[in-house]
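*Asks:* Sequence plus predicted model, see below.
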Amino acid sequence: MSATRRELLFAAGATAAGGFLLRFGFAQAAAATPAEAAKLGDYVEIAADNTVTLRAVNADIGQGAKTLLPMIIAEELDCDWAHVKVEYSAADDARYGAQQVGGSLTVPTNYDPMRKVGAAARAMLVAAAAARLKVAPASLTTTRGEVRHAASGRKIAYGALAADAAKLTPPDAKTLRLKDPKDFVILGKSHKSVDLHAILHGEKLFGIDTTLPNLHYAIYVKSPVNGAKLKSADLDAARAMPGVTHVIALEGVAPPPDAQIGLAPGFAPGIAIIGRNWWLVKQAREALKPQWDDGFGAPHGSADYAAQAKALLQKPAPVIDHKGDADAALAVAAQVIEAEYVTPYLPHLALEPQNATARPTPDGGVEVWAPTQFPNDGRDLIAKTLKLPKASVTVHICRAGGGFGRRIMVDPMVEAAAIALAAKVPVKLLYPREEDIAHDFYRPGNFHRLRAGLDKSGNVTAYVARAVSYSRGGKLTEGSEINLEQQPAVMANHWRLEQALIPTILATGWLRAPSDNTLSFVHQGFWDELAHAAGRDPVEFRLSHMRAHAGDPLLPTTQDGEPQLDIRRMIPVLEKVAALAKWGQTKLPPGTAMGVGCYFSHRGYFAEIAQVRMLGDTDFRVEKIWAVGDVGAIILNPTTARAQVEGAIHEGIAQLRNEITFAKGANVQSNFADFTLLRMPDSPAIEIDFHLTDNPVTGLGEPALPAVIPAVTNAIFAASGKRVRALPVRL
Amino acid sequence: MPIALTVNAKPYTLDLPGEMPLLWVLRDEIGLTGTKFGCGIAQCGACTIHLDGQPTRACITPLAEAAGKHVTTVEALHSIPQGAAIQAAWAAHDVPQCGYCQAGQMMTATHLLRETPHPNDADIDSAMAGNFCRCGTYPRIRAAIHDAAAGHHAAKGDAS
């Protein structure tokens, strides 16, 4: 995250129509010098007709950011939500902060600043009213877009104060008084998406819907294997196809050797086919008949990786972290349990295929519309890759048809810009689904060998986890971090985490709840095996170990400032979900059983229970999920919060049945028919509760996902006696 | 040879290849972008439209097959009584997450209500199984369909 915390600074002014404008930013100086003021974002506008325009700085990918961020401003502003208009801000990190959607960080990074934006605007409206009514500001209150003077019964609407407030000096951020959350009238109550009407009526909204004069459509044909070179292609045959206006071979720009592909300057070489209709362009691809030198990918297949991992798991690997002497503790254990676990690569499969629309500008730059999680990174990488001044690249934030981490990578934006500049026409680049999958940044899988020691009472005394993960360019692939958040580790007095690496050429990236979406299955599954070996109830076994370690020193925050697992917070969450599901108190028919999982992920604590019914010996159905989460003191927008939990649960269940495999560096599964999509008949009943605590509010995009995976696999074991140690599930 | 068809009650005569899928006629030629591209192989249902009232995957339906027929897309869904009820129920249940699949979901659900005014869960499973939602809005879709069925029943009761 690029935005470092600096002074909060406000500036006010008049809108073109004579209304009130509040500007806000993180400035180098505490005073609004002209240079600093130019870097402030426009957040609040109030017009004479009482319309309040609020700007959302983060893209909405279905998580509700475009609605929630303005709700936070509106709460402290005390305006009438019915009079609020919401727009996206410009994509401009100098003025609006990082604007990165990822890591469930939209709420934790924006909650306090957005409250202060609203409070500052409110304070100025109150000051303007106090001057007009010739009363002390402290004698005034605000509610639903009006300032009221209780003593005299007078009230003034915000719109009538806008012009006066625009002339005032904004308050110092440090002096702002924020509401007591118990007085909230907007936050904590469900508010539907500001885009709801547009979605339900098919209005232009998503990146793929971008429409421009003289718009051309493009596909970009790239090698199915990373790094392969083009040997030949029939460009003229493609040019002769109906509707095709341009066929352009682009050399691409190689990223720096050790760079994270997708987040470093550069783009892959390929052939752009451009025309007046996307289907015609796609038809022309058939005539292109590209041939690639695929020798580079030869050793990179799923079977190759599995063979390497098998060997590596038997040898000691570099130690990532440890406590005590795990080997000595294992040597004296009453019982040693050992198991190997495997997780696969996964694609993102966001329903809106990767796309971006780019238009060359008269100054030699480019204007881009894209469904992206990282708009500023897109702008920066376009500028760096194509050697354009940053100021000549403009990015417009669009709604995205799902993100799930794929749209952190901005490759389609860079490609669209390069193609539009080469063709000198506005271009909408759209990946066919097969290319969306072939050029994904996959969730890397991993391999594990776990060993644990139990004492005579069935308590865990030692825990050794050896992982084999993937590396690229000598660096750990994304979402492959092994860390202390693996709960079993911190609940033994002696533990060791080891990690060996297999080099890959595959492009990898973050998938919703990265790291945790594999590790929860592995460790919560093994934890269940330990409970079984100890002859103890899986919920009681977990709770008893958590309580035993509740007094341990807290794990320090990470170098990035991320809080780590506080095991004490998981205890009431697990207790509550067990009560909600009537764990151990429900008589279920044969072949039906419950399983439990709990996991800390992206600052949130979730415990989930799955009820699974076996369908014969080899298939299963997830009938119901109970989920309880602790994400802090308040659920800011309950309808969306629940939707995020419902979505995470569905995604976790879908992950149980899917994988993407590779042969000679290229993906084997290529379109939706090759995957087991989770459809309506497989959607489980879901019951959700939140456990409110005094902790800071945090995001919900990710935390509810990891626990559901082991909850289901542990339920499969309870229902069938079959322990699931590899995903996808094959019984 | 130009092909004539009706889209959302408006007549069009289009000089386009007959094998061009309707999806791209709608999106890139007519400019109706509410119908979405998901997979191109009729697996996800994001492109579902009504062709003479029947839910149809626009991504694999050639333009020639629509000659002389009536196409209805999400942009005109409100003009179908069951469609308006579905939209109202979708709003009441705050169904969408990302929203990308919802045009197709609503087109299919509207047809379900027209054929089966009071669907049970099995009817919903069967009718909606071809529409994939990557975000997992199925519980709300199910609840919204039940709700729309109840509301639609009341409206018909008033009329008769």
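*Replies:* Cool, the structure landed.
*Asks:* hey, let's count contacts and neighbours off CA atoms from now on
*Replies:* OK.
*Asks:* and chain B, what are its domains?
*Replies:* Under the assignment automatic domain parsing, the domains of chain B span B:3-76, B:80-159.
*Asks:* The first one: end-to-end distance?
*Replies:* Just to be clear, that refers to domain B:3-76. 21 Å (Cα to Cα, to the nearest Å).
*Asks:* wait, A:Val52 sits on A:Glu87?
*Replies:* No - if you go by Cα atoms under 8 Å, A:Val52 and A:Glu87 don't touch, sitting 10.8 Å apart.
*Asks:* more crowded one of these two?
*Replies:* Each of A:Val52 and A:Glu87 has its neighbours counted (other Cα atoms under 10 Å in any protein chain shown); A:Val52 has more, 27 against 16.
*Asks:* Indicate the residue of the stretch 501-650 of chain A located nearest to chain B.
*Replies:* Closest to chain B within the stretch 501-650 of chain A is A:Gly647: 4.6 Å, counting by Cα to the nearest Cα.
*Asks:* what about the nearest residue to A:Asp516 once chain neighbours are set aside, which helix or strand?
*Replies:* In space, and not counting its chain neighbours, A:Asp516 is closest to A:Pro706: 5.8 Å by Cα to Cα, 6 or more residues apart in numbering or on different chains. In the assignment (DSSP states H and E), A:Pro706 maps to helix A:705-720.
*Asks:* any idea of the mean pLDDT for that helix?
*Replies:* Helix A:705-720 carries an average pLDDT of 98.
*Asks:* helices or strands next to that helix in the packing?
*Replies:* For helix A:705-720, the contact count by 3 or more Cα pairs under 8 Å, 6 or more residues apart in numbering or on different chains; DSSP states H and E identifies helix A:516-533, strand A:592-601, strand A:604-615, strand A:619-630, helix A:638-655 as packing neighbours.
*Asks:* center of chain B, which residue is that?
*Replies:* Centroid-nearest residue in chain B, with Cα atoms, centre = their mean: B:Met107, separated by 1.9 Å.
*Asks:* and the next element down the chain from the helix or strand it falls within?
*Replies:* Following DSSP H and E, one finds B:Met107 within helix B:102-115. The helix or strand immediately downstream of helix B:102-115 is helix B:121-128, counting by DSSP H and E.
*Asks:* check whether that next one contacts chain A.
*Replies:* Yes - judged by Cα under 8 Å from any Cα of the partner chain, helix B:121-128 comes into contact with chain A at B:Asp125, B:Ser126, B:Met128.
*Asks:* now that helix and helix B:102-115, what's the angle there?
*Replies:* If you take axes from the mean of the first three to the mean of the last three Cα atoms, to 10 degrees, helix B:121-128 sits at 130 degrees to helix B:102-115.
*Asks:* Please name the nearest non-neighbouring residue to the residue in chain A positioned nearest to chain B.
*Replies:* For chain A, the residue closest to chain B is A:Gly62, as judged by Cα to the nearest Cα, at 3.5 Å. Leaving aside its sequence neighbours, A:Gly62 sits nearest to B:Cys98 (Cα to Cα, 6+ apart; 3.5 Å).
*Asks:* and the gap between the one you found and A:Glu352?
*Replies:* 9 Å.
*Asks:* do the same with A:Arg406
*Replies:* For A:Arg406 relative to A:Glu352 (Cα to Cα), the value is 11 Å.
*Asks:* same question, A:Ala82
*Replies:* To A:Glu352, A:Ala82 is 30 Å away according to Cα to Cα.
*Asks:* These two - which one has more neighbours?
*Replies:* Higher neighbour count among A:Ala82 and A:Glu352: A:Glu352, with 28 against 9, using other Cα under 10 Å.
*Asks:* Show me what from the stretch 201-350 of chain A comes close to chain B.
*Replies:* A:201-204, A:206, A:209, A:276-280, A:349-350.
*Asks:* Looking at those residues, which are in helices?
*Replies:* Mapping those onto helices (DSSP state H) picks out A:Trp278, A:Trp279, A:Leu280.
*Asks:* neighbour-wise, which of the residues you listed leads?
*Replies:* A:Trp278 (27 neighbours).
*Asks:* OK, contacts around the residue nearest to A:Ala136 when sequence neighbours are not counted?
*Replies:* Among residues not flanking A:Ala136 along the chain, A:Ala130 sits closest, at 5.8 Å (Cα to Cα, 6+ apart). Contacts for A:Ala130 (Cα atoms under 8 Å, 6 or more residues apart in numbering or on different chains) come out as A:Ala136, A:Pro137, A:Leu140.
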